[in-house]
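Undergrad: quick one, fold the following:
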Amino acid sequence: MEFEPDIPRWRQVAAVIRDRIENGTYPPRGRVPSVQHLVEEFGIATATAAKVNVGLKKEGLVYTEIGMGSFVSPDALEILRKTRADAAGDTA
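TA: Next comes the predicted model:
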């Protein structure tokens, strides 16, 4: 992945994960990549990869089960649709 210089890398990687959730690559309740996998796939630092997971959790898109990993929230698609609608100015 070629990173945009003016956008934090964690935000760019989080956008890729959001897109993958939306297109079904990572379905609801499906596992999302581990921090180590993000490091390997995107060539980012461990701290940056951890920040991706924290950001997605804050958005309500993923949750973590201790000892099991991180998974797509059951309502992630609804959250993404609402976020996009809000960004477009359509709150209906």
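Undergrad: tell me the pLDDT of the closest residue to Val16 other than its chain neighbours.
TA: With C-beta to C-beta, 6 or more residues apart in numbering as the measure, Met1 is the residue that lies nearest to Val16, at 7.2 Å, once sequence neighbours are left out. Just so you know, the C-beta spots here come from the backbone N, C-alpha and C atoms, and that holds for glycine as well. As predicted, Met1 sits at a pLDDT of 87.
Undergrad: same check on Tyr63?
TA: Model confidence at Tyr63, given as pLDDT, is 97.
Undergrad: what's around it, how many residues?
TA: Per other C-beta atoms under 10 Å, the neighbour tally for Tyr63 reads 15.
Undergrad: for it, what are its contacts?
TA: Counting by C-beta atoms under 8 Å, 6 or more residues apart in numbering, Tyr63 touches 57, 70-71, 73.
Undergrad: go with 6 Å
TA: Contacts for Tyr63 were tallied using C-beta atoms under 6 Å, 6 or more residues apart in numbering; they are 71, 73.
Undergrad: that one belongs to a helix?
TA: No: counting by DSSP: H, G, I helix; E, B strand; the rest coil, one finds Tyr63 to be strand, located in no helix.
Undergrad: so how far is Arg11 from it?
TA: In this structure, Tyr63 and Arg11 are 20 Å apart, going by C-beta to C-beta, to the nearest Å.
Undergrad: now swap in Leu56 and tell me
TA: With the distance defined as C-beta to C-beta, Leu56 ends up 11 Å from Arg11.
Undergrad: next one: Glu22
TA: Distance from Glu22 to Arg11, counting by C-beta to C-beta: 16 Å.
Undergrad: what do you get for Ser73?
TA: Counting by C-beta to C-beta, the gap from Ser73 to Arg11 is 19 Å.
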